[in-house]
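Give me a 3D structure for the following:
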Amino acid sequence: MQAVLRNLHLDLKRSDVEKAAQKTPQGWGRKYAVIVRGKYFPLKDLMLSLINLKSGPTLLKMDFTTEDAARTFRRLGYSVVLRPLDAESSKLSSLIGLVSLGGNAVADTERYDE
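Okay, here's the model as predicted:
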């Protein structure tokens, strides 16, 4: 598969991803992971390892987006997954919208501006 990332042309194969995965610590990124042979890898970390494998250290992690990495891995047939909420986040997210103070931000702002 041909991929172009920030004017860097890469010829990528699934075997390249598996080699890059051997050099990347397993786990989750902040939000996403790519699944390679049943193991989870941080999306951008694996993409950076793949770039370094194919072309040397030509890009930094900040030089490509999460979407760039996700699109590349999906085109190669890998699953990109969203990190599940942890127990604490899940408890808090169940309260979203539950509490209302009955205020009106527009009216309050107008009142304070007078």
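
Show me what the helix or strand H9 falls within is packed up against.
For H9, the element it lies in under DSSP states H and E is strand 8-11. Judged by 3 or more Cβ pairs under 8 Å, 6 or more residues apart in numbering; DSSP states H and E, strand 8-11 is in contact with strand 2-5, helix 43-55. Bear in mind the C-beta positions are built from the backbone N, C-alpha and C, glycine included.

so can I have JSON lines of those showing mean pLDDT and distance to V36?
Compiled in JSON lines, the helices and strands packed on strand 8-11 are given as follows (pLDDT from 0 to 100; distance: least, Cβ to Cβ, whole Å):
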{"stretch": "strand 2-5", "mean pLDDT": "88", "distance to V36": "17"}
{"stretch": "helix 43-55", "mean pLDDT": "95", "distance to V36": "7"}
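
what's the most buried one of those?
helix 43-55 (a mean of 21; mean count of other Cβ atoms under 10 Å).
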